[in-house]
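Pasting the sequence and the predicted model now:
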Amino acid sequence: MYIVQIASECAPVIKAGGLGDVVYGLSRELEIRGHGVEIILPKYDCMRYDHIWGLHDAYRDLMVPWFDGAIRCNVECGWVHGRLCFFIEPLSDDNFFNRGCYYGCLDDHLRFAFFSKAALEFLLVTNKRPDVIHCHDWQTGLLPVMLFEIYKYHGMANQRVSYTIHNFKHQGVAGANVLWATGLNNEPYYFTEDRLMDNKHSTAINFMKGGIVYSNFVNTVSPHHAWEARFTEVGCGLGKTLYDHQHKFGGVLNGIDYEVWNPVVDRYIPYHYSSDDLKSKTLNKKALRERLWLKDCDKPIICYIGRLDDQKGVHLVHHAIYYALDKKAQFVLLGAATEPGINSWFSHEKDHLDSNPDCHIELGFNEELSHLIYAGAEMIVVPSNYEPCGLTQMIGLKYGTVPIVRGVGGLVNTVFDWDYEQNKPQEERNGFVFYQTDNVAIESAIDRAIDLWYKSPKLFRQLMIQGMEYDYSWNHPGAQYVGIYDHIRHK
Ligand SMILES: Nc1ncnc2c1ncn2[C@@H]1O[C@H](COP(=O)(O)OP(=O)(O)O[C@H]2O[C@H](CO)[C@@H](O)[C@H](O)[C@H]2O)[C@@H](O)[C@H]1O
């Protein structure tokens, strides 16, 4: 099959969070399975050019219709760790992707509507006719709308779209001007409940809803979150739309790329190790302490790695820091906040804890450091309010870093409580799970983990090894996506 992934991120060249990991890891798995894969991305000024090999012109002067005129684009292509990527660069005063950031601009809806339109134009004029176009998140939600309402009539009638939702919170809710910009000119036609009209604001359109309505198959990134999105408030207003389209909606658990996230081969950690040899994990712990100026002592290290965002349960992350320190553990946090309030809150905590020899707070995005933290820490907290899949607990498992998670979304599908899991025997349990959102809930899970570390080191070690032996690679999800592609191709 010939598959084109269209997304706003692809790790490690463009990565703000887990979306980037998934686009890269899934593409690699599909290639291993013998399929042809290309990836179309925006050409941001701030992407990691050092991860692109052989960047060169692929198409010049691509004219992309936009409002009453057109925007001229160049398309460049190069290899990102073996994956063929096309980067779209619009050349207009809008400067859509030359802003020193990936997201967070007031006109994000226009930036990514344009990107989706440009990606389709590029496929059209270069005669690329993929069997499946795989779109991701709200940024590309309008792409299937444009494909089936416009491009289908210009020679792209056989293309099918698979649409993956990584986060229901950000849906791309915008005014009608986007319709005019993208050539979806018939406003009354699109402004209906069964098409693009936002379920909460009847004067707005919703990109993600468009993706759900128009794509041939829609999925979110774990089976449990697929259920939550339909039946609870975490669908953020799209539950009814998902219900109406339930025949083509499901949950596919993400994988982890074990070429990138694997302590046996990880190129960012000083000591490689596997479940047979955990001594080298201790050497990484020492290296982590040296790097972050933490005291060398007989305490476990608990970490948090992730965006600092309401979704991630920042109040519990904050509480976990002080609670862990109180319970004779060290704490390392690596995170970036886009919201100014959360950013200044954690900056304040960083200043406050700066001289504490048991704690390090690193604010910002640092891919390399994240690998050393996964390798050096013994526990990772993931106290999310909601979590479509969650990659950090799966990476933690692979590195023998025991997850302490809140039982929501994909965390339910991947972490099984050492003490209380009913459906797995003791030798298949791999972490600690709590359910409520209050401090007491996370405290009791942290207590159980720290107690096991101090009082029963052999059992803690066994728990680490059990986690490392889980297979959360792309192997299984890769097969599921191929099944989906096959299904929609033959419909
Ligand atoms: N400051 C930092 N420095 C370095 N690395 C950092 C970092 N902050 C985060 N990361 C890395 O980014 C990734 C985050 O993965 P998450 O599963 O938490 O994704 P996120 O919530 O962004 O995405 C959404 O999409 C993913 C993919 O589908 C879903 O798993 C998830 O539930 C959903 O919310 C991990 O690889 C992590 O190591």
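Everything's here; your move.

Which residue comes closest to residue 168 once chain neighbours are left out?
residue 236 (4.5 Å; Cβ to Cβ, 6 or more residues apart in numbering). For the C-beta atoms, the positions are set from N, CA and C on the backbone; glycine is no exception.

sec struct for residue 170, please.
Secondary structure for residue 170, judged by DSSP: H, G, I helix; E, B strand; the rest coil, is coil.

where's it relative to the ligand, distance?
10 Å (Cβ to the nearest ligand atom, to the nearest Å).

before we move on, what about residue 90?
From residue 90 to the ligand the distance is 26 Å (Cβ to the nearest ligand atom).

got a list of what that residue touches?
Contacts for residue 90 (Cβ atoms under 8 Å, 6 or more residues apart in numbering) come out as 64, 71, 72, 73, 96, 97, 114, 118.

Just the residues you listed: which are in strands?
64, 71, 72, 73 (DSSP state E).

Those, buried ones only, as a PyMOL selection?
Selection of the buried residues among the ones in strands among the contacts of residue 90 in PyMOL, burial being defined by 16 or more other Cβ atoms under 10 Å:
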select buried, resi 64+71+73
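
May I ask which two of the ones in strands among the contacts of residue 90 are separated the most?
Greatest spacing in these, by Cβ to Cβ: 64 and 72 (7.7 Å).

elements contacting the host helix or strand of residue 22?
In the assignment (DSSP states H and E), residue 22 maps to helix 18-32. When contacts are defined as 3 or more Cβ pairs under 8 Å, 6 or more residues apart in numbering; DSSP states H and E, helix 18-32 sits against strand 2-6, strand 36-42, strand 83-90, strand 132-136, helix 475-489.

Of those, flag the one that's most buried.
Most buried of these, by mean neighbour count (mean count of other Cβ atoms under 10 Å): strand 132-136, with a mean of 26.

Could you identify the helix or strand that succeeds that one?
Assigned by DSSP H and E, the successor of strand 132-136 is helix 142-149.

May I have the strands that pair with the very next helix or strand once past that following helix, each with its orientation?
Downstream of helix 142-149, the first helix or strand assigned by DSSP H and E is strand 160-165. Applying DSSP bridges to the sheet, strand 160-165 is found paired with strand 132-136 (parallel), strand 217-220 (parallel).

which residues does the one residue in the stretch 151-300 of the chain that gets nearest to the ligand contact?
Per Cβ to the nearest ligand atom, the residue of the stretch 151-300 of the chain with the smallest distance to the ligand is residue 166, at 3.5 Å. By Cβ under 8 Å, 6+ apart, the residues touching residue 166 are 18, 19, 22, 136, 137, 220, 221, 388, 389.

Secondary structure class of the nearest residue to residue 254 once chain neighbours are set aside, three-state.
Distances taken as Cβ to Cβ, 6+ apart put residue 389 closest to residue 254, at 4.4 Å, once the chain neighbours are dropped. When classified by three-state DSSP, residue 389 comes out as coil.

With residue 119 as the reference, measure out to residue 389.
25 Å (Cβ to Cβ, to the nearest Å).

Likewise for residue 272?
In terms of Cβ to Cβ, residue 272 sits 39 Å off from residue 119.

Skip the chain neighbours and tell me the closest residue to residue 175.
residue 204 (6.3 Å).

coming back round to it: of the contacts of residue 90, closest to residue 303?
Distances from residue 303 to those, taken as Cβ to Cβ, are shortest for residue 97 (32.6 Å).

Now tell me what touches the helix holding residue 22 from outside.
By Cβ under 8 Å, 6+ apart, the residues outside helix 18-32 that reach it are 3, 5, 7-12, 14-15, 37, 39, 80-83, 134, 136-137, 164, 166-167, 221, 254-257, 259-260, 389-391, 474-475, 477-478, 481-482.

thinking again about what came up before, from the ones in strands among the contacts of residue 90, which are also near the ligand?
Near the ligand, judged by Cβ under 6 Å from any ligand atom, there are no entries from the ones in strands among the contacts of residue 90.

Done for today, thanks.
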